[in-house]
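Student: build me a model from this:
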Amino acid sequence: MASDHSMDIMVQFDFQELKNAVEMAKKEVANRYDLKDSKIEIELTEDMIKVNTANEYQIEAVVGIVVSKMVNRKVSPKILDRQKIQPAGGMRFIQEIKLIKAMDQENAKNISKMIRDNFPKVKPLIQGDTVRIVSKSIDDLQEIIKFLNSQESIKIPLLFTNYR
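Tutor: Sure thing, here's the model as predicted:
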């Protein structure tokens, strides 16, 4: 039996499921009575989702539909980083929603500090966009998972992998 146990904490999501959720949202927007003939555009790229509507209220409605479809397809809405709504000209508004694809250094340092402060027996190591946790006890790793999932201050979806 190994003397040390470890796990990795990272940010990852299934892009195909996100694509399916956006396609389902497009269909619902096209069929919904209050949004039907508004020429609403939802565009998904590798890095962001762009929503183009006639007014700000429609943007909120469309983003709500996208989020509900994401939740139905088990994609965390925490991957969405909503930017400011901007006028697009021609009485249209646009909102860019960036996709969080990896853990940045600021979040990695924050998570590492939280773990060090609350679990003095474990050793967090930042490795690029991953935080590796090493501990003598596998129970400590389970407690860390519960602790991090309960934290409201963490605004990114965490994935716990390589748990051994």
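Student: quick one: contacts for residue 65?
Tutor: 25, 28, 29, 32 (CB atoms under 8 Å, 6 or more residues apart in numbering). C-betas here are computed from N, CA, C, even on glycine.
Student: quick one: which of those residues has the most company?
Tutor: Using other CB atoms under 10 Å as the neighbour criterion, residue 25 leads the contacts of residue 65 with 24 neighbours.
Student: so how far is residue 65 from that residue?
Tutor: 5 Å (CB to CB, to the nearest Å).
Student: repeat that for residue 104.
Tutor: 28 Å.
Student: so residue 97 makes contact with residue 45?
Tutor: No. At 10.6 Å, residue 97 and residue 45 do not qualify as touching, with contact defined as CB atoms under 8 Å.
Student: looking at these two, which one has more neighbours?
Tutor: residue 97 (19 against 9).
Student: what sits closest to the more buried one if chain neighbours are left out?
Tutor: residue 49 (4.4 Å; CB to CB, 6 or more residues apart in numbering).
Student: that neighbour touches residue 80, doesn't it?
Tutor: Yes. Using CB under 8 Å, residue 49 is in contact with residue 80, at 7.4 Å.
Student: so the two - more neighbours on which side?
Tutor: When neighbours are counted by other CB under 10 Å, residue 49 and residue 80 differ, and residue 49 comes out ahead with 22 against 19.
Student: could I get the phi/psi values of that one?
Tutor: phi -120, psi 130 (degrees, to the nearest 10).
Student: so how far is residue 70 from residue 97?
Tutor: 11 Å.
Student: overlap in contacts of these two?
Tutor: Common neighbours of residue 97 and residue 70 (CB under 8 Å, 6+ apart) are residue 80.
Student: pLDDT below threshold where in this structure?
Tutor: Scanning the chain for pLDDT under 70 picks out the ranges 1-2.
Student: where do the strands sit along it?
Tutor: 5-10, 41-44, 48-53, 80-82, 86-87, 93-99, 123-127, 130-135, 159-161 (DSSP state E).
Student: which residues does the spatially closest residue to residue 91 that is not a sequence neighbour contact?
Tutor: Leaving aside its sequence neighbours, residue 91 sits nearest to residue 54 (CB to CB, 6+ apart; 6.6 Å). Shown in contact with residue 54 (CB under 8 Å, 6+ apart): 38, 39, 40, 91, 92, 93.
Student: thank you kindly, that will do.
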